[in-house]
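A.B. asks: Sharing a model prediction with you, sequence too.
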Amino acid sequence: MAEWQTTYRIAWFWVCLFGIFALVSLKFCLDIDYKAYNTPTFMTERLLERDIPAHVGASLELKNYENVKDGKCLKRLPKAIIVGAMKCGTGTMNEFLNCHPDIRSLTGENDFFINDTLYNKGLTWFKNIMPCTYPHQIAITKKPQYFVRERAPPRILSMDRNIKLIFMLRDPVERAMSNYLHRLHAGKVAGKEFLQMVFLPDGRTVKETNEYIHISSYVDHVQRWLKYFDKTNMIFIDADLLRIRPWIELKRVEKFLGVRDYFTEDMFPFVEERGERCVKQMSGDFKCMSEKKGRSHPKIEEESEKLLRNYFAPLNRQLFELLNTTFDWE
């Protein structure tokens with residue numbers, strides 16, 4: 001009996017000794033792993049292996065790694081809205097900004113601020129449809145119809161009086177024709193010619209109440225927005241300049257939004273087969289405008305175009321004076 005007890009005690013001693021040795025070894029290995037792998041580079045690779053958006057993980061710097069590590073990807077209300085105008089490159093601006101690692105854009109459009117049914121669901125519902133963002137990121141959304149809808153500015157103001165508003169504009173005559181072409185391809189024009197819709201029967205008097213003319217009368221809409229928001233909350237981008245030199249216009253928007261300097265000229269090579277500048281994504285693929293974008297406009301008589309330009313000229317001058325800037329729309 002005594003011999004059995006002695007053997008048992010010896011065996012238990014060796015088991016305990018082995019256990020202590022195993023724990024010490026494990027701690028040593030973990031310390032090595034922590035020192036070797038607890039780095040921004042390693043953690044970025046691990047983020048890319050998980051369900052983390054590529055444009056978040058792929059460009060993380062040390063400061064952003066700390067933000068991701070210490071913060072959570074949460075649903076938050078947008079800090080900026082692209083509010084229009086229609087057919088002025090709002091979709092292109094939205095796509096380009098979504099390539100910025102500090103910006104997450106809502107996919108598609110949502111007319112929350114002009115749709116009573118949606119608006120009555122409340123801001124919590126609106127927040128929950130936004131993409132999740134980390135502390136160093138901002139969420140944005142777009143809806144070009146906000147530009148001309150009277151209920152949009154006060155409702156957006158009630159959500160956030162400091163929100164950033166991005167206005168996309170272009171030559172008003174070109175915009176009107178693009179708007180017509182868009183509706184024509186959507187089967188919503190019922191065979192009417194562009195000039196029939198924007199002129200009275202005399203063929204010389206512009207029909208001010210026409211939808212295409214109304215939207216292109218920018219100064220009227222901007223004045224309404226200025227009743228609710230300070231000009232410092234707004235930035236105005238010429239869609240043609242965004243097409244020609246996107247990196248310059250996007251740098252203006254970066255500064256306006258308060259995000260880091262990210263876009264560079266070499267990110268926007270000219271793609272011959274598309275005949276336009278596209279943004280080079282981190283995957284190496286190019287993000288270009290939709291095939292539906294950039295359709296050639298209908299040809300109109302020189303005299304009719306002159307009448308339209310004469311109509312918009314004083315409105316453009318009022319806009320330029322209001323914004324203390326000019327655009328090459330003549």
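C.D. replies: Arrived safely, thanks for sending.

A.B. asks: Residues contacting stretch 262-275, please?
C.D. replies: With C-beta atoms under 8 Å, 6 or more residues apart in numbering as the test, stretch 262-275 has contacts from 59, 96, 99-102, 246-247, 250-251, 254, 276-280, 286, 288-289. For the C-beta atoms, the positions are set from N, CA and C on the backbone; glycine is no exception.

A.B. asks: Mind doing that once more with 6 Å?
C.D. replies: Contact partners of stretch 262-275, identified using C-beta atoms under 6 Å, 6 or more residues apart in numbering, comprise 100, 246-247, 250, 277-280, 286, 288.

A.B. asks: Just put these in TSV and tack on distance to G108, secondary structure and pLDDT.
C.D. replies: Supplementary listing: the contacts of stretch 262-275 in TSV, determined by distance: C-beta to C-beta, whole Å; DSSP: H, G, I helix; E, B strand; the rest coil; pLDDT from 0 to 100:
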residue	distance to G108	secondary structure	pLDDT
H100	18	coil	95
P246	21	helix	95
W247	25	helix	96
L250	21	helix	97
R277	23	strand	85
C278	20	coil	87
V279	19	strand	85
K280	23	strand	77
F286	21	strand	73
C288	18	coil	78
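
A.B. asks: Going through those, which ones are buried?
C.D. replies: For these, a burial check counting by 16 or more other C-beta atoms under 10 Å picks out 100, 246-247, 250, 277-280, 288.

A.B. asks: Tell me the one among those residues nearest to A190.
C.D. replies: C288 (31.6 Å; C-beta to C-beta).

A.B. asks: Just give the closest residue to that closest one, not the sequence neighbours.
C.D. replies: Spatial nearest neighbour of C288, chain neighbours left out: C278 (3.9 Å); criterion: C-beta to C-beta, 6 or more residues apart in numbering.

A.B. asks: Could I get the contacting residues of the one you found?
C.D. replies: Neighbouring residues of C278 by C-beta under 6 Å, 6+ apart: 271, 286-288.

A.B. asks: Give me the residue at the spatial middle of the protein.
C.D. replies: With the centre of the chain defined as its mean C-alpha position, the nearest residue by C-alpha atoms, centre = their mean is N94, 3.4 Å away.

A.B. asks: The contacts of C278 into TSV, with extra columns for distance to T205?
C.D. replies: Formatted as TSV, the contacts of C278 follow (distance: C-beta to C-beta, whole Å):
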residue	distance to T205
V271	43
F286	45
K287	43
C288	40
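
A.B. asks: Find the pair from the residues you listed with maximum spatial separation.
C.D. replies: Put simply, by C-beta to C-beta the two of the contacts of C278 set farthest apart are V271 and K287, 10.2 Å from each other.

A.B. asks: Now do the strands in the protein.
C.D. replies: Per DSSP state E, the chain carries strands over the ranges 74-75, 80-84, 103-105, 132-133, 138-142, 164-169, 234-238, 270-271, 276-277, 279-280, 286-287.

A.B. asks: Columns distance to E208 on top of the contacts of stretch 262-275, output as a markdown table?
C.D. replies: Listed next are the contacts of stretch 262-275 as a markdown table, based on distance: C-beta to C-beta, whole Å:
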| residue | distance to E208 |
| --- | --- |
| H100 | 39 |
| P246 | 34 |
| W247 | 38 |
| L250 | 35 |
| R277 | 36 |
| C278 | 38 |
| V279 | 38 |
| K280 | 44 |
| F286 | 41 |
| C288 | 36 |
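
A.B. asks: For the nearest residue in space to I138 that is not next to it in sequence, give its distance to E302.
C.D. replies: For I138, ignoring the flanking residues on the chain, the nearest one in space by C-beta to C-beta, 6+ apart is K79 at 4.0 Å. K79 sits 45 Å away from E302, going by C-beta to C-beta, to the nearest Å.
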